[in-house]
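Chemist: only geometry, no sequence info:
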C-alpha cells in the first residue's frame with residue numbers, strides 16, 4: 001500500500017500564547033504541574049519518595065491500587081518497540097509502502113480531522129482495522145483470528161504530537177500505565193470545554209495515572225515527543241516514528257465491588273450523561289466544543305498486532 005502521510009501544520013495557536021492541545025501558556029503549564037504534584041489523592045501511582053507523597057497515594061481507592069499492582073511489571077520489549085516504530089514511520093517518498101500502524105492512522109485521519117489520531121488496540125476481541133493486516137500483506141489471510149468487539153484492557157499507541165479530545169470515563173474505575181515514550185495527562189474537574197483544569201502530569205515507562213467515578217474521570221492524553229515539525233492541533237499528522245504507549249484497564253461499577261446501592265445497573269448513563277459502562281464514553285468535540293458520545297470499539301486487536309510485529313524485519 002502506498003501512503004505518503006506528510007506532516008501537516010495545525011496553523012496558528014489559539015488564545016495568544018496558549019497552544020494546542022491544552023490551550024495554556026507556559027506559566028499556566030508551570031502552575032498546573034505544581035498543582036498536579038500536590039493533588040490529593042495523588043494523580044500518579046508510583047514509589048513514594050516523601051511522607052506527604054505517601055499520604056496522597058494512601059488516599060487512592062483500593063480497587064485502583066489493585067489494578068496498578070497487577071500492571072507494575074508490564075513492559076514492551078525492545079524489539080516490540082522498534083517494530084512499532086517501523087510500522088508508524090511515514091513514507092519518505094511517493095509510492096513507498098508504509099506499515100500497518102501508519103495505514104490505520106491515515107484511515108482514521110481521513111475519517112476525522114478534528115484531532116490527530118491515535119490507535120486503540122484491544123487486548124481481547126478484535127479491531128475495526130484487523131483486515132488491513134491481511135489485505136496489505138502483513139499477515140497471511142488464514143492467520144486472522146476472530147473475537148468479540150470491545151475489551152476491558154487496551155493498549156493505546158500515541159504518535160508524537162498526537163492527542164485525544166477531552167473525554168470522560170464516566171463511572172468506570174481504571175488505570176493508565178505508561179509502557180513506552182512519554183505522555184502528558186491533563187485532568188479536568190468535569191466534562192466541558194471550559195472546565196477547570198485540576199493538574200497536569202507527565203508519565204514515563206512504569207508510571208501510572210488512574211481514574212474513578214469520583215476522582216479524575218475526565219482527562220486529555222497527549223504525546224509531547226518529536227513529531228517532525230509543525231504545530232499540533234486539528235488537521236495535524238506527524239512525520240516521525242516517535243510514539244508513546246500506554247496500557248489501560250476500565251472496570252464497570254459492578255466489577256469493582258464499590259458501586260452505590262441505589263445505582264440502577266440497567267442504566268447506561270446517569271442524568272448528567274456520565275456512562276456507567278466502558279462500552280461508551282463522552283467527549284468534547286474539538287470544533288463544535290459540544291459534548292458527544294463515542295463507542296469504544298478498538299482499531300486493532302493485540303492478537304493481530306503481535307503477529308505483525310513478530311514478522312517485522314528490524315534490520
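Modeler: Great, that's in hand. Predicted, not measured: the structure shown is a model, and the values here were computed from it.
Chemist: pretty sure residue 63 belongs to a helix, no?
Modeler: Yes. Counting by DSSP: H, G, I helix; E, B strand; the rest coil, residue 63 is located in a helix.
Chemist: Determine the number of other residues adjacent to it.
Modeler: Under the neighbour criterion other CB atoms under 10 Å, residue 63 is assigned a count of 16. Placement of C-beta: from N, CA and C, glycine included.
Chemist: Which residue is the nearest non-sequential neighbour of it?
Modeler: residue 256 (4.4 Å; CB to CB, 6 or more residues apart in numbering).
Chemist: Neighbours of that neighbour, how many?
Modeler: 20.
Chemist: Give me the below-cutoff pLDDT ranges for the stretch 101-250 of the chain.
Modeler: Counting by pLDDT under 70, the stretch 101-250 of the chain has low-confidence residues at 141-150.
Chemist: make it 50
Modeler: Scanning the stretch 101-250 of the chain with the threshold set as pLDDT under 50 gives 144-148.
Chemist: Run a quick neighbour tally on residue 54.
Modeler: The number of residues packed near residue 54 is 12, by other CB under 10 Å.
Chemist: didn't it look like it was pressed against residue 45?
Modeler: No. Using CB atoms under 8 Å, residue 54 makes no contact with residue 45, being 11.7 Å away.
Chemist: ok, residue 309 - contacts?
Modeler: Listed by CB atoms under 8 Å, 6 or more residues apart in numbering, the contact set of residue 309 reads 79-80, 83-84, 87.
Chemist: contacting residues around stretch 109-121?
Modeler: 5, 21, 101, 104-105, 108, 127, 154-159, 161-165, 221, 223, 232-238, 285-287, 296, 298-302, 305.
Chemist: So which of these sit within strands?
Modeler: Among the contacts of stretch 109-121, the ones falling in strands (DSSP state E) are 154-159, 221, 300-301.
Chemist: Let me have these in TSV, adding distance to residue 176 as columns.
Modeler: Listed next are the ones in strands among the contacts of stretch 109-121 as TSV, based on distance: CB to CB, whole Å:
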residue	distance to residue 176
154	10
155	11
156	8
157	13
158	11
159	17
221	7
300	19
301	20
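Chemist: Out of those, which comes closest to residue 50?
Modeler: Checking the ones in strands among the contacts of stretch 109-121 against residue 50 by CB to CB gives residue 221 as the nearest, at 26.4 Å.
Chemist: what about the residue nearest to that closest one when sequence neighbours are not counted, neighbour count?
Modeler: Spatial nearest neighbour of residue 221, chain neighbours left out: residue 164 (4.8 Å); criterion: CB to CB, 6+ apart. Close neighbours of residue 164, defined as other CB under 10 Å, add up to 19.
Chemist: what's the most distant pair in the ones in strands among the contacts of stretch 109-121?
Modeler: Spanning the widest gap among these are 221 and 301, at 21.0 Å by CB to CB.
Chemist: out of those two, which sits in the more crowded spot?
Modeler: residue 301 (26 against 23).
Chemist: right, and that one touches residue 128 too?
Modeler: No. In this structure residue 301 lies outside contact range of residue 128 using CB under 8 Å: 9.7 Å.
Chemist: quick one: the strands in this structure?
Modeler: Assigned by DSSP E, the chain shows strands spanning 44-45, 119-122, 153-159, 167-168, 173-180, 183-188, 197-203, 208-211, 218-222, 243-251, 280-284, 291-295, 300-301.
Chemist: so which of these gets nearest residue 36?
Modeler: Set against residue 36 and scored by CB to CB, these come closest in strand 197-203, at 2.8 Å.
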